[in-house]
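> got a predicted structure plus its sequence, pasted below:
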Amino acid sequence: MSDSRQDLAVHWFREAAPFINAYRGRTLVVYVCGEAIAAAGFAHLMQDLALLHALGIRLVIVHGARPQIEERLQRRGIAFRYHNGLRITDEQSLQAVKEAAGAVRVEIEGKISLGIRNSLLARQGVKISSGNFVTAQPLGIHDGVDYQYTGIVRRVDSAAIAGLLDDDIVVLLSPLGYSVTGEVFNLSGGDTAVSVAAALKADKLMLLVDGALRDTAGAPLRDLTPAAARDLLAAGQIAAEAAEALQVAVRAAEQGINRTHLIDLHVDGGIVQELFTRDGIGTMISVSPYDVFRTAAGEDLPGILELIGPLQSGGILIERTPARIEADLEKFSILVREGTTIACGALYPYPAQRTAEIACIAVHQDYQRSGFGDAIVNHLEQRARALDCRTVFALTTRAAHWFIERGYRRATVTDLPPDKQAQIDPQRNSQVLLKDL
Ligand SMILES: CC(C)(COP(=O)(O)OP(=O)(O)OC[C@H]1O[C@@H](n2cnc3c(N)ncnc32)[C@H](O)[C@@H]1OP(=O)(O)O)[C@@H](O)C(=O)NCCC(=O)NCCS
């Protein structure tokens, strides 16, 4: 290897290593559209997916089959009928959908079985499994038009999928759903991927797109919030394929998926670059928890109590009576999703000392390790800055390291405002953590 290639490899490995570590054991849903299967880079794409699996990522692949279905219909002289932009699937079209989905599935299974060419991992192989994990129901009759075998996802058997992932098996899903009456329905691949990702509480959803997402000046769009994505869609300036994928990403955000990435299917190694390099190559649509914290109000009391109750009785958080929390509600910031309070924290200012206590940080168990803890602390620090505080502090018995990793340092009770010192229960033996703002 030449020196420059060696330097490049070392540089790349150093950059990728933290990401490799961070993604191990995380769940990733990748939507491989039919265009990606027909594209020249398909074999490489499958190798890259096998690589992600080898790196310990829990991988679910949902595939599309639109060009493959259309090709079959064309050969038979049948055209897909649309109403209001939605496909109507009659008996003949359904036959083509089943054939195309079957052919694509086998193609993916074949190529991924190659594993990672020229690598020691190739011998290890990749186990991949499909199944009836998606229950569908008919889209039904709209404006008097019967969509027949066009369906929508009714339910995802996330436990069965998770079981396979636990066994180190890649799960492959076709854009087909099965009804309780034994019928097969044609589903939108993108929407299936969203439903599966939401049901699995996946860490990321990746959508392969025919072309990169660009602004009107032609520059690639790297980061978008769902709101910015909606504005772009409303302005109607995005190419049709990318717009469709962006709509899927917005729906994903609405369903609670924090990060969806759109990746140009024509970029060789696009998924790998997006995941393992700092700048990535695609467009990330991320729900920023920073935007959505709000100050608690009266109706939020039950949600806060439900979230912190078990932590208080477990001795992890200090005991506060409901009456005390109610009196302090305006000190609490919360994040509510689908009616559940998923994160909370409180800020108790000490204006005379220009400091504030960060307290009662809690993240719902189902949402931990997604950055919400980080986000609430950041949000409270911002509130403290707005109050002209120079420092913030926290008292904790179990999360000292968590705070230290977020820029806090160990301090002592004597560093705290006298009013606070007077309230401290020495029995708890809490550690004091302090941060300069
Ligand atoms: C501590 C807590 C708020 C973190 O919330 P979160 O949303 O999971 O946090 P983030 O996603 O920002 O960070 C997760 C990281 O912190 C680590 N972490 C979680 N709890 C920790 C603790 N007590 N000590 C050290 N690290 C901890 C996780 O392992 C994870 O790191 P990893 O991804 O490298 O494994 C959450 O675990 C919680 O509600 N705990 C119970 C209440 C509590 O202890 N509150 C703090 C006292 S005020």
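Ah, there it is.

> average pLDDT for the longest strand anywhere in the chain?
Longest strand in the chain, counting residues (DSSP state E): strand 340-350. On average, the pLDDT along strand 340-350 is 94.

> then stretch 240-247?
90.

> in it, what counts as buried?
242, 243, 244, 245, 246, 247 (16 or more other CB atoms under 10 Å). (Each C-beta comes from the backbone N, C-alpha and C, glycine too.)

> cool, stretch 152-171 as well?
For stretch 152-171, using 16+ other CB under 10 Å, the buried residues are 152, 153, 154, 156, 158, 161, 162, 164, 165, 169, 170, 171.

> how about the contacts made by the fifth one?
Each residue near residue 158 by CB atoms under 8 Å, 6 or more residues apart in numbering is listed here: 196, 199, 200.

> farthest pair in the buried residues of stretch 152-171?
Within the buried residues of stretch 152-171, 152 and 169 form the most distant pair, 26.8 Å apart (CB to CB).

> sketch out the low-pLDDT regions of the chain for me.
1-2, 115-124, 288-292, 338 (pLDDT under 70).

> now render the buried residues of stretch 152-171 as TSV, adding secondary structure and distance to residue 215.
Output for the buried residues of stretch 152-171, formatted as TSV (DSSP: H, G, I helix; E, B strand; the rest coil; distance: CB to CB, whole Å):
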residue	secondary structure	distance to residue 215
152	strand	32
153	strand	32
154	strand	38
156	strand	35
158	helix	36
161	helix	37
162	helix	38
164	helix	40
165	helix	37
169	coil	40
170	strand	35
171	strand	35
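
> from those, pick the one nearest residue 113.
Distances from residue 113 to the buried residues of stretch 152-171, taken by CB to CB, are shortest for residue 170, at 10.3 Å.

> quick check: closest non-adjacent residue to that closest one.
Sequence neighbours aside, residue 128 is the residue nearest to residue 170 in space, at 4.4 Å (criterion: CB to CB, 6 or more residues apart in numbering).

> hmm, residue 113 and the one you found touching each other?
Yes: counting by CB atoms under 8 Å, residue 128 does reach residue 113; the two are 7.3 Å apart.

> so which of these two has more stuff around it?
residue 128 (21 against 13; other CB atoms under 10 Å).

> roughly how far apart are that one and residue 176?
The gap separating residue 128 from residue 176 is 17 Å, by CB to CB, to the nearest Å.

> ok, residue 298 - how many residues close by?
Around residue 298 there are 7 other residues, counting by other CB under 10 Å.

> find the nearest non-adjacent residue to it, please.
residue 329 (6.8 Å).

> ok, that neighbour - how many residues close by?
With other CB under 10 Å as criterion, residue 329 counts 17.

> go on, residue 90?
Neighbours around residue 90, by other CB under 10 Å: 15.

> what helices or strands is the helix or strand hosting residue 192 leaning on?
For residue 192, the host element (DSSP states H and E) is helix 189-200. Secondary-structure packing of helix 189-200 (3 or more CB pairs under 8 Å, 6 or more residues apart in numbering; DSSP states H and E): strand 27-32, strand 58-63, strand 134-138, strand 151-156, helix 158-166, strand 204-209, helix 240-254.

> could you dump the ones you listed to a markdown table with distance to the ligand?
A markdown table is the format used below for those (distance: least, CB to the nearest ligand atom, whole Å):
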| stretch | distance to the ligand |
| --- | --- |
| strand 27-32 | 14 |
| strand 58-63 | 15 |
| strand 134-138 | 29 |
| strand 151-156 | 24 |
| helix 158-166 | 18 |
| strand 204-209 | 14 |
| helix 240-254 | 18 |
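
> hmm, back to that, output the contacting helices and strands for the longest strand of the chain.
Using 3+ CB pairs under 8 Å, 6+ apart, strand 340-350 sits against helix 301-313, strand 332-337, strand 355-363, helix 372-386.

> re the thing from before, so the residue nearest to residue 298 touches residue 296, yeah?
Yes: if you go by CB under 8 Å, residue 329 and residue 296 touch, sitting 4.7 Å apart.

> from residue 308, how far out is the residue of the stretch 301-437 of the chain found nearest the ligand?
Closest contact between the stretch 301-437 of the chain and the ligand, by CB to the nearest ligand atom, is at residue 373 (2.5 Å). Separation of residue 373 from residue 308 (CB to CB) stands at 14 Å.

> check residue 99 too.
54 Å.

> then residue 181?
45 Å.

> and these two? Which one has more around it.
residue 308 (23 against 7).

> and that one, what is it in contact with?
317, 320, 344, 360, 362.

> show me which residues of this protein sit near the ligand.
311, 316-317, 361-363, 368-374, 394, 396, 398-399, 401-402 (CB under 6 Å from any ligand atom).

> rerun that using 8 Å as the cut-off
The chain has residues 22, 311, 316-317, 343, 345, 358-365, 367-377, 394-403, 405-406 near the ligand, with proximity defined as CB under 8 Å from any ligand atom.

> doesn't residue 211 belong to a strand?
No: in this structure, residue 211 is coil, not part of a strand, as judged by DSSP: H, G, I helix; E, B strand; the rest coil.

> what's the burial count for it?
Using other CB under 10 Å, residue 211 has 16 neighbouring residues.

> next: the one 3 residues further on.
Using other CB under 10 Å, residue 214 is surrounded by 15 other residues.

> that one touches residue 232, doesn't it?
No: applying CB under 8 Å, one finds residue 214 not in contact with residue 232, separated by 10.4 Å.
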